[in-house]
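Student: The amino acid sequence is not available; the structure is as follows:
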């Protein structure tokens with residue numbers, strides 16, 4: 001039976017993929033409460049040891065050395081204790097073998113469920129210890145089965161959970177599909193070790209670069225920044241730590257084979273590799289590739305940049321739905337405003353027009369006074385225009401004579417308006433007298449509206465029709481025609 005017990009433990013260790021020593025320690029710990037319940041005191045320290053070669057079970061109990069033992073389960077006499085240990089003294093604790101006679105049967109019958117439970121716990125601990133070191137790394141697994149809110153991935157020794165939030169929208173998963181995933185969290189719960197994986201994390205792209213490109217793994221090429229929109233497009237900024245090393249070329253590989261492997265693993269996600277530069281303006285221009293950049297204006301305080309591109313390249317710089325500009329902003333960490341050359345020139349022209357002074361500046365009050373004057377006071381202004389030459393000839397003499405003869409008269413506004421109205425009426429009356437009224441003649445010539453007399457009808461001369469008369473054909477004419 002001992003040999004069968006050892007064979008069973010060895011087979012169990014192989015099935016669970018656990019070391020044999022771990023299985024033995026687990027079985028020993030599971031047998032302790034069983035033996036303590038049957039043959040020892042509840043508070044007594046008991047240990048079980050199983051020989052790895054023979055499978056023999058031995059039980060040891062801790063006992064106190066006394067002169068006269070009262071409880072043989074917990075106490076041991078000094079004479080018996082010195083047989084085990086020569087220099088033992090009274091009051092010391094010594095480990096004594098106290099294997100029950102039916103230890104093998106108890107181990108085989110009553111400890112089965114406890115052993116299985118402990119084995120499961122040991123397996124969980126082994127899985128946690130294995131994957132705890134892999135947290136933040138890439139793992140490979142197979143889709144086990146699909147659920148509405150998550151996908152269960154078989155990693156071999158353990159199962160991982162791919163939540164809905166960590167799934168790529170453009171990917172369609174199927175049972176049996178092999179994937180590479182980013183191990184986000186390793187949690188220890190009551191149900192065992194729980195592994196959370198992701199397909200959208202940007203570090204998945206970083207780890208794939210380290211796997212596919214040896215220069216990044218060795219540190220020759222450094223991956224400075226990374227921005228990703230899972231399933232659509234990503235931008236990666238790289239730089240070389242050694243001279244004469246093309247960082248972008250190392251990432252692309254011969255005939256772009258390296259970047260193609262990464263793109264294939266991400267199901268066709270586009271990846272742009274740009275050269276990192278310490279100058280922010282140059283780095284921003286590189287980040288907007290493949291669109292060419294004319295000029296970059298950087299504001300260090302607000303950490304914003306105005307990028308000017310050719311008119312035909314504006315849509316390429318912005319990208320579909322602003323994707324290219326958005327990824328460039330996330331890659332550089334700057335707020336980027338993209339403008340075309342025509343837009344910049346139009347803004348400059350508008351600023352010049354606003355800064356230039358206006359040619360004619362008329363006050364609103366003056367406009368309000370001039371508008372009615374030009375409409376109603378035309379005749380009065382004509383009279384003033386007739387007097388203007390006389391006043392312009394000798395203005396000084398007129399001025400002196402007026403002051404000498406009589407003081408200047410001051411007119412009020414009402415008097416001035418009344419004089420203007422009178423001048424307007426005079427001009428209108430003169431115009432009415434000089435203009436004839438043809439209404440009487442018109443009424444005499446016309447009768448009722450729409451009626452016309454016979455005398456007034458126009459005469460039409462008709463040309464007489466020309467009458468053509470034909471003479472009858474005689475027999476003589478026919479004879480002449482036959483003779484001809």
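Tutor: Structure received. Because the structure is a prediction, the values reported are computed rather than measured.
Student: ranges for the strands of the stretch 201-350 of the chain?
Tutor: 221-229, 233-240, 270-275, 295-299, 304-309, 335-340 (DSSP state E, counting those that start in this stretch).
Student: mind putting these in JSON lines, mean pLDDT included?
Tutor: Output for the strands of the stretch 201-350 of the chain, formatted as JSON lines (pLDDT from 0 to 100):
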{"stretch": "strand 221-229", "mean pLDDT": "94"}
{"stretch": "strand 233-240", "mean pLDDT": "95"}
{"stretch": "strand 270-275", "mean pLDDT": "94"}
{"stretch": "strand 295-299", "mean pLDDT": "92"}
{"stretch": "strand 304-309", "mean pLDDT": "93"}
{"stretch": "strand 335-340", "mean pLDDT": "92"}
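Student: Can you pull out the low-pLDDT segments for this structure?
Tutor: 1-3, 38-39, 41-42, 102-115, 118, 356-414, 427-484 (pLDDT under 70).
Student: Can you give the domain ranges for it?
Tutor: 2-124, 134-198, 201-276, 288-351 (automatic domain parsing).
Student: Give me the distance between the two termini of the second one.
Tutor: Taking CA to CA, to the nearest Å, domain 134-198 runs 14 Å from one end to the other.
Student: what residues are up against residue 124?
Tutor: 188, 192-193 (CB atoms under 8 Å, 6 or more residues apart in numbering). Yep, even glycine has a C-beta here, placed from its N, CA and C like the rest.
Student: which element follows the helix or strand where it lies toward the C-terminus?
Tutor: Assigned by DSSP states H and E, residue 124 falls within helix 112-132. Moving toward the C-terminus from helix 112-132, the next helix or strand (DSSP H and E) is strand 138-146.
Student: Would you mark the buried spots in that next one?
Tutor: Buried residues in strand 138-146, counted by 16 or more other CB atoms under 10 Å: 138-139, 141, 143.
Student: Out of those, which is nearest to residue 335?
Tutor: Set against residue 335, the nearest of the buried residues of strand 138-146 by CB to CB is residue 138 (32.8 Å).
Student: And stretch 275-287, what's buried?
Tutor: Those would be 275-277, 280-281, 283-287, for stretch 275-287 by 16+ other CB under 10 Å.
Student: ok, now stretch 183-191?
Tutor: For stretch 183-191, by 16+ other CB under 10 Å, it's 183-184, 186.
Student: Between these, which sits nearest residue 345?
Tutor: Of the buried residues of stretch 183-191, the one sitting nearest to residue 345 (CB to CB) turns out to be residue 184, at 50.0 Å.
Student: Which residues does the helix or strand hosting that closest one contact?
Tutor: Using DSSP H and E, residue 184 sits in strand 178-189. Strand 178-189 has contacts (CB under 8 Å, 6+ apart) with 124, 128, 131-132, 134-143, 153, 160, 162, 166, 173, 193-199, 201, 203-204, 207-208, 265.
Student: between the next helix or strand after it and strand 178-189, how many degrees?
Tutor: For strand 178-189, the following helix or strand on the C-terminal side (DSSP H and E) is strand 192-198. Per axes from the mean of the first three to the mean of the last three CA atoms, to 10 degrees, the angle that strand 192-198 makes with strand 178-189 is 140 degrees.
Student: what's the offset of the strand holding residue 184 from the middle of its chain?
Tutor: 25 Å (CA atoms, centre = their mean, to the nearest Å).
Student: again, but for stretch 220-231
Tutor: 16 Å.
Student: List the buried residues for it?
Tutor: Buried, per 16+ other CB under 10 Å, within stretch 220-231: 221, 223-231.
Student: Then stretch 327-338?
Tutor: So stretch 327-338, judged by 16+ other CB under 10 Å, has buried residues 327-332, 334, 336, 338.
Student: between these, which is closest to residue 50?
Tutor: residue 330 (59.6 Å).
Student: related to what we said a few turns ago, same list, the buried residues of stretch 220-231, but as CSV with distance to residue 77 please.
Tutor: Formatted as CSV, those follow (distance: CB to CB, whole Å):
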residue, distance to residue 77
221, 76
223, 74
224, 77
225, 77
226, 75
227, 79
228, 76
229, 80
230, 76
231, 79
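Student: closest to residue 67 among the residues you listed?
Tutor: residue 223 (76.0 Å).
Student: Surely the closest one is in contact with residue 236?
Tutor: Yes. Using CB atoms under 8 Å, residue 223 is in contact with residue 236, at 6.4 Å.
Student: Tell me which entries of the buried residues of stretch 275-287 lie within helices.
Tutor: 280-281, 283-287 (DSSP state H).
Student: Could you check how far the residue nearest to residue 296 when sequence neighbours are not counted is from residue 223?
Tutor: Beyond its immediate neighbours in the sequence, the residue positioned closest to residue 296 (CB to CB, 6 or more residues apart in numbering) is residue 281, lying 4.2 Å away. Plainly put, residue 281 is 22 Å away from residue 223 if you go by CB to CB, to the nearest Å.
Student: How about residue 30?
Tutor: Distance from residue 30 to residue 223, by CB to CB: 50 Å.
Student: And for residue 166?
Tutor: For residue 166 relative to residue 223 (CB to CB), the value is 22 Å.
Student: Okay, now stretch 245-258: how far is its last residue from its first?
Tutor: Stretch 245-258: ends 17 Å apart by CA to CA.
Student: ok, residues contacting that stretch?
Tutor: 209, 212-213, 215-216, 220-222, 236, 238-240, 259-260, 273-276.
Student: let's see 10 Å
Tutor: The contact list for stretch 245-258 (CB atoms under 10 Å, 6 or more residues apart in numbering) reads 209, 212-216, 220-224, 236-241, 259-263, 271, 273-276, 286.
Student: Mind listing what's buried along it?
Tutor: Neighbour-count burial for stretch 245-258 [16+ other CB under 10 Å]: 247-248, 250-252, 258.
Student: what two of the residues you listed have the greatest distance between them?
Tutor: Largest pairwise distance in these, by CB to CB, is 12.5 Å, between 247 and 258.
Student: Going toward the C-terminus from the helix or strand containing residue 26, what's the next helix or strand?
Tutor: Assigned by DSSP H and E, residue 26 belongs to helix 20-39. Note on helix 20-39: by DSSP H and E, the next helix or strand toward the C-terminus is strand 46-50.
Student: Identify each buried residue in that following strand, please.
Tutor: 46, 48, 50.
Student: Sheet partners, orientation included, of it?
Tutor: According to DSSP bridges, strand 46-50 forms sheet pairs with strand 57-66 (antiparallel).
Student: Fine, thanks again, bye for now.
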